[in-house]
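Undergrad: Sequence and predicted model, in that order:
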Amino acid sequence: MSVLEEQIPVAKYHGTGNDFIVVDADESVPDRPAFAKTHCSRESGVDGASVDVDGADTVDADDSGRRGADGVLFLALEGRYSPPRVVMTLVQPDGSVAAMCGNGARCAAAWAAERTGSDELMIDTPAGTRRATVDGGRVTIEMGVPSFHPRDVPLAGDEELIEADVEGLTVTAVNTGVPHAVAFVDDVDDVDLDAVAPAVRHADAFPQGANVTVASQSDDGTFRQRTFERGVEGETRSCGTGAVAVVAAAKRLGRVGGDDSVVVSPPGGDLEITVPDVGPATLAGPAAYEFETELDVTVRSR
Ligand SMILES: N[C@H](CCC[C@H](N)C(=O)O)C(=O)O
């Protein structure tokens, strides 16, 4: 058996603490799931602390300093279009591919804006094309129209799940690019997410699984959010599709009304969401560059 390792350049970005290794799809990574598993590991994965960052002020104070990442974004830039297009493939730490990622899309837009000088980008994802607008460090993504339809979520049954009991949690199921089971609770901090989420995430009701999002509404109309993510199989510091799911479900349940933007705060920061009566939802929030480094790729193994 011979194993040949090569190194490829990568960048690390995060959106409200949801952090990603960004790889130009031109780089050869023959086994993407293996690459993601290795370098996303929180114990032994990519390590910003060991990187000599050129100009330390590019590293935000809220950068995790944690090893690893919540996923790898493989980005193929198609700069000949106007606006430029980016084909985004998110490979998660368990090797699965997620159809959409709101925070990842903001990072992809920031990466592509840096390379093209364009403040408008089209992000092609398996869930559809998403328009992105970059304004300094803030990125807004058009997230498509949330759907509660059993075929879209998808659900095993042919009825929508609206405040339905799934494994002891009262959830509303919605697809915002990926499936979310949203539960409104009095205080998200009182939820033992690692204990309650796995059963819901794997419930028979969700043939492709679900991300599990809990939210609590504050008196000022904002929401706090926590999400246990499929593919990461744990809680992340932020989830953009989850934030949109919170507002879509809140609207469906009559907790919010109208087209005004709603602030949703996961542990990693603040996101601004709109879910208008007609047209696509939007997700706005920061996207931050952390550092660049090189990572090993196994190019041949036999
Ligand atoms: N963190 C991402 C969602 C990833 C979705 C993924 N965990 C799945 O559905 O398998 C976000 O900001 O929207």
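TA: Looks like it arrived, so ask away. Numbering: from 1, shown residues only.

Undergrad: For the rest of this, base every contact and every neighbour count on C-alpha atoms.
TA: Will do.

Undergrad: which residues of the stretch 201-302 of the chain score low on pLDDT?
TA: Counting by pLDDT under 70, the ranges of the stretch 201-302 of the chain that qualify are 300-302.

Undergrad: Quick check: residues of it near the ligand?
TA: Selection of the stretch 201-302 of the chain residues close to the ligand by CA under 6 Å from any ligand atom yields 211, 229-231, 239-242.

Undergrad: Out of these, list just those in helices.
TA: Judged by DSSP state H, these include 240-242 as members of helices.

Undergrad: can you put the residues you listed in a markdown table and add distance to Val10 and neighbour count?
TA: Converted to a markdown table, those look like this (distance: CA to CA, whole Å; neighbours: other CA atoms under 10 Å):
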| residue | distance to Val10 | neighbour count |
| --- | --- | --- |
| Gly240 | 23 | 31 |
| Thr241 | 24 | 26 |
| Gly242 | 27 | 34 |
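
Undergrad: biggest separation within the residues of the stretch 201-302 of the chain next to the ligand, which pair?
TA: The most widely separated members of these are Gly231 and Gly240, with 14.9 Å between them, by CA to CA.

Undergrad: show me where the stretch 151-300 of the chain has helices.
TA: Assigned by DSSP state H, counting those that start in this stretch, the stretch 151-300 of the chain shows helices spanning 193-201, 240-252.

Undergrad: most packed of the ones you listed?
TA: helix 240-252 (a mean of 27; mean count of other CA atoms under 10 Å).

Undergrad: Residues in contact with that helix: which ones?
TA: Identification of contacts with helix 240-252 by CA atoms under 8 Å, 6 or more residues apart in numbering yields 100-103, 146, 172-178, 180, 182, 211, 213, 215, 225, 227, 256-257, 262, 264-266, 271, 273-275, 281-283.

Undergrad: That one: how far from the chain's middle?
TA: Relative to its chain's centre, helix 240-252 lies at 14 Å (CA atoms, centre = their mean, to the nearest Å).

Undergrad: Okay, and which of the contacts of helix 240-252 map to strands?
TA: Counted as lying in strands by DSSP state E, out of the contacts of helix 240-252, are 172-175, 180, 182, 211, 213, 215, 225, 227, 262, 264-265, 271, 273-274, 281-283.
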